[in-house]
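1. predicted coordinates and the sequence they were generated for:
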Amino acid sequence: EAQVTQNPRYLITVTGKKLTVTCSQNMNHEYMSWYRQDPGLGLRQIYYSMNVEVTDKGDVPEGYKVSRKEKRNFPLILESPSPNQTSLYFCASSAPGQGKTGELFFGEGSRLTVL
Amino acid sequence: RKEVEQDPGPFNVPEGATVAFNCTYSNSASQSFFWYRQDCRKEPKLLMSVYSSGNEDGRFTAQLNRASQYISLLIRDSKLSDSATYLCVALKGQNFVFGPGTRLSVLP
């Protein structure tokens, strides 16, 4: 089954404790992206990647890091989480050839709370 | 100014009503457009693409006006199950830009 898998789905952590949210897709997609969603602000892009070893900042990259060492994985790293990073995070992937159809495949989301 | 802007909503409509959502985009380099649907606390899912000639999928009709940089979504004969947030999306290069979404509640 084609899917994007995020882990963990739910996490409560404390300020300053490094954490990683993993994202994996099994569709051989080149494009992957991370978003955060907050009430009233919609989906905001954090980072995206067009291919292996190619990453670019989105609208709200501060406080986050990403890596794309393999095509299928695109982890989101919070080196020193702060309460303002409490949010619902989505990972998504797509294939350039599918750009015209616009199907971005999303993971189920990771709800992160930073105390 | 956001690259993709939408009606703020929420839209509360009775079952059977026709409802229209508007969206504008500021970057004329955007080449493709889409409507996504997001249910509460769930991931967004593609509803339909938007073509310049206009396109229809059952009760849903999407229109694109490149000259005005305007996109619309029309839902006819609203159902309770249409209650969701509708996201307008522009594809710029190979990057997807999302609007903030418009929430629709269809009431019995």
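-> Great, that's in hand. These numbers were taken from a predicted model, which means no experiment stands behind them.
2. how near is residue B:65 to chain A?
-> 18 Å (C-beta to the nearest C-beta, to the nearest Å). (Each C-beta comes from the backbone N, C-alpha and C, glycine too.)
3. and the closest residue to that residue other than its chain neighbours, what is it in contact with?
-> Spatially, and ignoring its direct neighbours in sequence, residue B:65 is nearest to residue B:71 (7.6 Å; C-beta to C-beta, 6 or more residues apart in numbering or on different chains). The contact partners of residue B:71, taken as C-beta atoms under 8 Å, 6 or more residues apart in numbering or on different chains, are B:22, B:23, B:24, B:25, B:33, B:35, B:50, B:62, B:63, B:64, B:65, B:88.
4. what's the closest of the residues you listed to chain A?
-> residue B:33 (7.8 Å; C-beta to the nearest C-beta).
5. thought that closest one was touching residue B:50?
-> Yes: Residue B:33 lies in contact with residue B:50 (C-beta atoms under 8 Å); the separation is 4.2 Å.
6. can you list residues touching both of the two?
-> With C-beta under 8 Å, 6+ apart, residue B:33 and residue B:50 have common neighbours B:64, B:71.
7. on that earlier part again, mark which of the contacts of residue B:71 are buried, thanks.
-> B:23, B:24, B:25, B:33, B:35, B:50, B:62, B:63, B:64, B:88 (16 or more other C-beta atoms under 10 Å in any protein chain shown).
8. who touches the second one in this structure?
-> Contacts here follow C-beta under 8 Å, 6+ apart; on that basis residue B:24 touches B:4, B:5, B:68, B:69, B:70, B:71.
9. any idea which helix or strand carries the nearest residue to residue B:89 once chain neighbours are set aside?
-> Nearest residue to residue B:89, sequence neighbours excluded (C-beta to C-beta, 6+ apart): residue B:34, at 4.4 Å. Here residue B:34 sits within strand B:32-38, counting by DSSP states H and E.
10. direction included, what does that strand pair up with?
-> strand B:45-50 (antiparallel), strand B:84-92 (antiparallel) (DSSP bridges).
11. quick one: residues contacting residue A:37.
-> By C-beta under 8 Å, 6+ apart, residue A:37 lies in contact with A:43, A:44, A:87, A:88, A:89, A:90, A:109.
12. which among those gets closest to chain B?
-> Nearest member of these to chain B, counting by C-beta to the nearest C-beta, is residue A:43, at 4.3 Å.
13. the residue nearest to residue B:89 contacts residue B:91, correct?
-> Yes: when contacts are counted by C-beta under 8 Å, residue B:34 is listed as touching residue B:91 (7.3 Å).
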